[in-house]
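K.L.:
Sequence and predicted structure below; questions after.
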Amino acid sequence: MSVPAFTFHRGIHPPSKKDQTAGEAVKKLVPPAGTEMIFPMLQHIGAPCEPAVSVGERVLLGQVIGSAEKPISSPVHSSVSGIVKEIRQALTPTGVVCSAVVVVNDGKDEGIKTTRAHTVSETLDREETLKLIRQAGVVGLGGAGFPTHIKLSPPPGRHIDTVIVNAAECEPYLTTDHRVLLEDTERLIAGLEIILTLFPNAQGIIGIETNKQDAIDKIEKAVREKKRISVAGLRPKYPQGAEKQLIYALTGREVPSGGLPADIGCLVDNVDTVIAVERAVHRKRPLIRRIITINGGAVKNPGNYEVRLGMTYGDFARAAGGFTTQPYKLISGGPMMGVAMFSLDVPVIKTSSAFLCLTEEEARLPSERGCIRCGRCADYCPARLMPLDLNKYVIYGEKDLFLENHGLDCIECGSCSYVCPSKRHLAQSIRAARREALAARK
Amino acid sequence: MVTSTPHVRSGDTIESIMRDVLLALSPAAIMAVYFFGIRALCIIILSVGACIGFEYLFELLTHRPITITDCSAAVTGALLAFNLPASSPFWIPVVGAFFAVVITKQLFGGLGQNFMNPALAARAFLMAAYTPLMAGSWTRPVRNLLSADLISSATPLGLLKEGPSFIIQGSDLLNAFLGNVAGCIGETSVLALLLGAAYLFHKKIITWHIPAAYIFTVFVLGTLLGRRGLFTGQGYYEILTGGLMLGALFMATDYSTSPVNDTGKIIMGIGCGILTVVIRNFGGYPEGVSYSILIMNLFVPLLDKYCIPRVFGVVKKKKRETA
């Protein structure tokens, strides 16, 4: 091992399930003409976009179809050229229903005309860079979907000294970051350099789990001459890629309870987000595609695909070779934190990262039994909480005790539920209570 | 199918844990049969069978789900037998099993809800109710599998208590380590118990905190507080004899009746150690492991309440004020 492996305390080791797709180069999927593409107006954290087109209008690839006027928002672009068929309510993979623009692909991929792109970001000032990132609709692609231009403008008084690229990819099955690290190395480094120009005193660290040694080697070679960028190996462990755990592993700093990484001088961006930043700033390309791992026992050709946003999961699965058997459970994301979906007619959105189609056998979950007080949930909790107690408070409706015992500091990683020998619904109950408490606060 | 996350679970179950504990207890059981003969085996089988039987009957009569397949009753049965002398009449393990499973465990809500170790509570009950049978006649190892003759003998700790002139020799240490001494069925062979515990450590079913704190405390205090005054004790002999290893490795580490967090576990171990030495040296009984653990069981809710780890990202109040 060429680099020392950093890590956080506690955490779990679920079977990685990555071998099947880690060696599969990313294939581009082009949606066939006639495909209905669905573009939800809410693909990020913040205010939804307003549809900027009307029914019957022809849109071009890369055209803004959802405009973001509100301060915390991010525009949505069309990923194809075609005719706007309708504007209707649609379901997103996260279970939210919001208005969406439906475009029928004409298969011509006719793009909007862009002004000459900048190639050297040094010539741009801070405001221009952030404007380009905002215009391109870049949001955090690790899963949260927080608008990147806002994340890159931390509140005054916060001095960012460390920019971390999150390439831990600790969720089982997922191999997209691994492929991007190998296939898009130069662009990733260029993207990180753009971000570093915004924070002149910061060092860039690319954190990669050591189960991706080939990626570590390749990036290490590429950044050898770069003074401000280094690579750090991370011990393969879940949830190594959780923002707070990753920052702790690499810097030894703890994000204060209820605070932001910026409070301790850190900024974390996912691999694909950094790539999107590079495309936005250097080439003025909007965010219209996502790299997604498709896997699971029901999938015929597991692999990594570049998918246009707006394509439904059903169309995506068909284009990727279809199913060997009727999938029993559909998950958008990884098996630890991904969202189970009840329909294939849901579009791929900016925050989609994996598509798991599990067979009945793979999806089978054991039933819940009584707590035997083994304490494993507490032993493995990366936030050092007491899931067994929090679970009890939720069941008994003890909201004050739940808050007093830091229920809100749960990162919802699911490690407690994973290790519980009684298969108790620990993370599930804590998440429900947490969301309820957060919603009540607003 | 739609469920909340996570969508995968580890393969560990209550059954797998209990089966591992049974496996870990088996070396001690084998040594027990080797030293105490076929009668020890009969008592182990009776005790395990009675525990499973009572659990089944109780759940049947109270219309609860039958949980005998989770193997926890079998573990209780084995531990109960380990805490009985081989000379016990055959009804003793049955009465003990009733007390352990029905009164200590099921009446308080079943697995995970009991506040005292069922096997130890049963032993304490038997000690109080049938003192002559339980404490009067320790069996000496016979080392003849089929021998029905049981010879009574004093336990090493009994000898220490009774005769201040008892001198510990090298062979005594070796015998105590192997289990070739008088005592309860499963407690005498330190070697077998350590072997079983090593397996549990390896499988991460128990952690080092309680056993290490317990054994270390007995060693230190046992050395300091001799029965003939300060610094006359033999700590190493104290930790090899009596039920200490069985108690520290398998009884004090019981999930239901031990603290969840590491700090709590260490305090529990130290508390057990202090009480054991105090009872052994100053109490009326030659041995104090079971009562020490039972007493510390009662402190577990308190330890669980105050020994909680610092939550990630939460700074102690003092620091926050200065920051």
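P.N.:
Received it, and whenever you're ready, just let me know what you need.

K.L.:
list the contacts for A:Ile291?
P.N.:
By CB atoms under 8 Å, 6 or more residues apart in numbering or on different chains, the residues touching A:Ile291 are A:26, A:176, A:179-180, A:272, A:304-307. Where you see a C-beta, it was placed from the backbone N, CA and C, and this is true even at glycine.

K.L.:
just checking, A:Gln135 touches A:Ala280?
P.N.:
Yes: using CB atoms under 8 Å, A:Gln135 is in contact with A:Ala280, at 7.3 Å.

K.L.:
phi, psi of A:Asn166?
P.N.:
phi -80, psi 100 (degrees, to the nearest 10).

K.L.:
just A:Gly207 next, same as before
P.N.:
Main-chain dihedrals, A:Gly207, degrees, to the nearest 10: phi -100, psi 120.

K.L.:
who does it bridge with?
P.N.:
Per DSSP bridges, the residues bridged to A:Gly207 are A:Asn166, A:Ala232.

K.L.:
distance of it from A:Cys266?
P.N.:
For A:Gly207, the distance to A:Cys266 equals 11 Å [CB to CB, to the nearest Å].

K.L.:
what about those two, which has more around it?
P.N.:
Neighbours were counted for A:Gly207 and for A:Cys266 using other CB atoms under 10 Å in any protein chain shown; A:Cys266 has more, 26 against 23.

K.L.:
All the helices of the stretch 201-350 of chain A, residue numbers only.
P.N.:
Applying DSSP state H, counting those that start in this stretch to the stretch 201-350 of chain A gives helices spanning A:213-222, A:243-251, A:271-283, A:313-319.

K.L.:
How about stretch A:317-327 and chain B, touching?
P.N.:
No: counting by CB under 8 Å from any CB of the partner chain, chain B is not contacted by stretch A:317-327; separation bottoms out at 9.7 Å.

K.L.:
Flag every buried residue along that stretch.
P.N.:
A:317, A:319-320, A:323, A:327 (16 or more other CB atoms under 10 Å in any protein chain shown).

K.L.:
Quick one, grab the pLDDT at the closest residue to B:Gly226 other than its chain neighbours.
P.N.:
In space, and not counting its chain neighbours, B:Gly226 is closest to B:Thr232: 2.8 Å by CB to CB, 6 or more residues apart in numbering or on different chains. Looking at B:Thr232, its pLDDT is 72.

K.L.:
so B:Thr232 touches B:Gly222, yeah?
P.N.:
No: applying CB under 8 Å, one finds B:Thr232 not in contact with B:Gly222, separated by 10.5 Å.

K.L.:
Please work out how many residues are found near A:Gly11.
P.N.:
Other residues within reach of A:Gly11 by the criterion other CB under 10 Å amount to 20.

K.L.:
Could you pull up the residues touching it?
P.N.:
So A:Gly11 contacts A:237-240, A:245, A:380, A:382, A:415 (CB under 8 Å, 6+ apart).

K.L.:
Can you name the two of those residues that sit furthest apart?
P.N.:
Using CB to CB, the two most remote members of the contacts of A:Gly11 are A:Gln240 and A:Tyr380, lying 13.3 Å apart.

K.L.:
higher neighbour count, those two?
P.N.:
A:Gln240 (25 against 21).

K.L.:
Tell me how far that one lies from A:Lys218.
P.N.:
Distance of A:Gln240 to A:Lys218, computed by CB to CB: 20 Å.

K.L.:
Pull up the overlap in contacts between A:Gly207 and A:Cys266.
P.N.:
Contact criterion CB under 8 Å, 6+ apart; residues shared by A:Gly207 and A:Cys266: A:Ile164.

K.L.:
residues touching A:Arg126, list them.
P.N.:
A:197-198.

K.L.:
What about the closest residue to B:Asn297 other than its chain neighbours, how many residues nearby?
P.N.:
Distance criterion CB to CB, 6+ apart; nearest residue to B:Asn297, sequence neighbours excluded, is B:Thr257 at 4.4 Å. By the measure other CB under 10 Å, the count of residues near B:Thr257 is 25.

K.L.:
Nice, that's everything, thank you.
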